[in-house]
Structure formats: structure tokens, C-alpha cells
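>>> the sequence and its predicted three-dimensional model are supplied below.
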Amino acid sequence: MKQSARRRIFYAVFLLPTFLFFCVFTLYPIFRGVQLSFFDWSGGTKEMDFIGLDNYREMLRDPIVGTAVANDYFLVLFKVIGIMLLATIFAVAVTRLNVRGKNLYRVLFFIPNVISVVVIGVLWRYVYNPNLGFLNSFLSLFTAERVQTAWLGEPHTAMPSLLWPSIWAGIGFYMILLVAAILSIPSDLYEAADLDGASQWRQFLSVTLPLMWEQMKVSILHIVMTTLNGSFILVWIMTEGGPDNSTQVMGSYLYQMGFRQYHMGYAATIGVLILVLSLLTTLILQRVLKRDTIEMA
């Protein structure tokens, strides 16, 4: 047997299981979901009535879908800003600044990432509890009367209240990614910048930021994708989409329609919308964030 044939067999042995796994658990659910979006199906019977594009027409008229999409992109925007800003500050602090206990801070910031999302949701529900919550108790220290704000019970405060646990839970992971990017920068570049009299701020702008940009871009794309596809867990634990559907995101509304109201065909349609918006958002961001890669000598 020729060496080229053996090489192709070697590649096939390793690629075929992964490809089959991808087809069974990714491609098939996608095509099956698109197919179900053309049917009226409760999810619990064998009867499936073909209704064409009726689910899509209903989705375009559904005001809750608009609210869910707006909420998803609200989380995307402010999670990207909040997580990347704080993660960058902390990553620079534990690598470039003389901070005591650097390793301890890395562990402390990473702890939320090893905690279940369900536990985080329950924990922050207690933080926001109007009677026993830490937030109201803290604010009451500065007021004459006790603060009893129902942070998760008012439409105008519920969605912003979901943002903070989302940021808190994500900082540590992205900080570690950025720390790895900063540590991979040759120290000679910083020594040359010191000799040129560059301040820490100038070194960050001229050395650190350009050379860690690729990792920042990957982090931003990851935040966007995980938010559009996975934010429903925290939302469902903390508010179940309420009050009055004001905190619905696309994932939570899909779950409600499919597994609470047994409108599985319509839920599949929302799933198609999530897929399309995720792909479009990723493609647009890749174009927006694209810049020449700086190679380190």
C-alpha cells in the first residue's frame, strides 16, 4: 500500500467518528428543526399537520418575539462591553502591574465559572430578594426607610438585573484567556518600550492591545454566540421570562412555546430564527473586527 493511501486512511480513521458525531448531534437536529417549523405539531402525538409558512407569519406578528430579540441583543451588547472591559483590566492587572496575590485573584475571579448556572441563578435571586436580599439591605444603609424594591418583579428593572449576574459569571473565563494572550507577548517588547520612556498606558495601547487583539476577537465572538444560544437558562431560573414577558429571550420563549404550551412547530420556528440571527451576527462581527494580524518576531 502506498504511503499516500495509508495517510488518507489515517486521516479518515480520526475524522470519520468526529464527522459522524457532528452529523448526528448538529446537522440532523438543524435540518429536523427546519422541517418541524413547517408543521403544526404538539410534540406529543404522531399527527403533524403541514401548514407551510404559517408559523413564520405568526412569528412576524408576535410582539413577544420582538421583545425576545431585543432582550437578546441587549444582553449581547452590554455583556460584551462589561465582560471584555473588566476581563481586560483584571488580566492586565495580574500580569503587567505589581499586584500582590496575583494567583489568588486568578482563582477568585474564575470561581463563578466552576459554579452551575442554576446555582448562580438561585444565588442572585436571593441577592435581589425584596425582603431578605443583600442588594436592598445594602441600599437601606443609605436611606431613612428600608428599600424593598422588587428588582426581578418590575418590567423596567428586571432585564437590567439579569445583566449583572451574566457579567459576573463570565469575567473569570475570559480573563484567563486574556492572561494567556498577554503572557505570550515577548518581554523584549516591553523592555524596549521602557527604554523609550513609554508609560504603562502607552505600553498597553501600543504593545499589549494589538498583540492580544486576536484573542479578544475570539472572546467577543464566543460571548455573542453563547449569549444568543444559552442565555435562556439564567433567564428561566431567575424570572421565567416575566414579569409580563418583559425578560423573554429567544431561548426562553422557545422553551415556553415548545414545552409549556406544546406548540412544538412554532418553537422550531423560533429555533430557526435563533440559528439565522446567530449566523448573521457572527458573520457581521467577523467583518467588523477583522484587522491585520500582527506577528511577533
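Thanks, I have it.
>>> and the strands in the stretch 1-150 of the chain, which stretches?
For the stretch 1-150 of the chain, the strands defined by DSSP state E, counting those that start in this stretch cover 39-40, 49-50.
>>> just checking, what packs against the last one?
Contacts defined by 3 or more Cβ pairs under 8 Å, 6 or more residues apart in numbering; DSSP states H and E place strand 49-50 against strand 39-40. In short, each C-beta sits where N, CA and C put it, glycine included.
>>> I'd like the average pLDDT over the strand it packs on.
Mean pLDDT, computed over strand 39-40, is 92.
>>> who's in contact with it?
Contact partners of strand 39-40, identified using Cβ atoms under 8 Å, 6 or more residues apart in numbering, comprise 48-51, 54-55, 265.
>>> and the furthest pair within those?
Met48 and Asp54 (13.2 Å; Cβ to Cβ).
>>> run through the stretch 1-150 of the chain and note the low-pLDDT ranges.
1 (pLDDT under 70).
>>> let's go with 90 and repeat that
Along the stretch 1-150 of the chain, segments meeting pLDDT under 90 span 1-15, 17, 42-48, 93-117, 131-133, 141, 143-148.
>>> which parts of it are helices?
3-22, 28-36, 54-61, 63-96, 102-110, 117-127, 134-140 (DSSP state H, counting those that start in this stretch).
>>> again with the stretch 151-297 of the chain
155-183, 187-195, 200-203, 209-211, 213-230, 232-238, 250-255, 264-288.
>>> for the ones you listed, which one sits closest to Leu27?
Per Cβ to Cβ, nearest to Leu27 of the helices of the stretch 151-297 of the chain: helix 264-288, 11.9 Å.
>>> what packs against the closest one?
By 3+ Cβ pairs under 8 Å, 6+ apart, helix 264-288 packs against helix 28-36, helix 54-61, helix 63-96, helix 213-230, helix 250-255.
>>> cutoff 7 Å now
Under the contact definition 3 or more Cβ pairs under 7 Å, 6 or more residues apart in numbering; DSSP states H and E, helix 264-288 sits against helix 28-36, helix 54-61, helix 213-230, helix 250-255.
>>> out of the ones you listed, deepest packed?
The highest average neighbour count among these, using mean count of other Cβ atoms under 10 Å, belongs to helix 250-255 at a mean of 23.
>>> can I get it in CSV, CA atoms only?
Output of helix 250-255 as CSV, limited to C-alpha atoms (Å, rounded to 0.1, in the frame of the first residue of the first chain):
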residue,chain,number,x,y,z
MET,A,250,-35.4,33.7,22.2
GLY,A,251,-34.3,30.6,24.0
SER,A,252,-36.8,31.0,26.9
TYR,A,253,-39.6,31.8,24.6
LEU,A,254,-38.8,28.7,22.5
TYR,A,255,-38.8,26.6,25.7
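>>> so who does the closest residue to Gln35 other than its chain neighbours touch?
What sits nearest to Gln35 in space, not counting adjacent residues and going by Cβ to Cβ, 6 or more residues apart in numbering, is Ala268, at 8.0 Å. For Ala268, the contacting residues are 33, 36-37, by Cβ atoms under 7 Å, 6 or more residues apart in numbering.
>>> and what of Gly258?
When contacts are taken as Cβ under 7 Å, 6+ apart, Gly258 is in contact with 43, 264, 267.
>>> wait, Val65 touches Tyr56, no?
No: using Cβ atoms under 7 Å as the test, Val65 is too far from Tyr56 to be in contact (10.7 Å).
>>> how close does the residue lying closest to Arg146 once chain neighbours are set aside sit to Arg125?
Of all residues not flanking Arg146 in the chain, Ser140 sits nearest, at 4.7 Å (Cβ to Cβ, 6+ apart). For Ser140, the distance to Arg125 under the criterion Cβ to Cβ, to the nearest Å works out to 19 Å.
>>> what of Leu36?
33 Å.
>>> try Tyr105
Tyr105 is 27 Å from Arg125, by Cβ to Cβ.
>>> for the stretch 151-297 of the chain, what are the low-confidence residue spans?
Residues of the stretch 151-297 of the chain that meet the cut-off, pLDDT under 90, sit at 155, 170, 185-201, 203-208, 210, 229-232, 242, 286-297.
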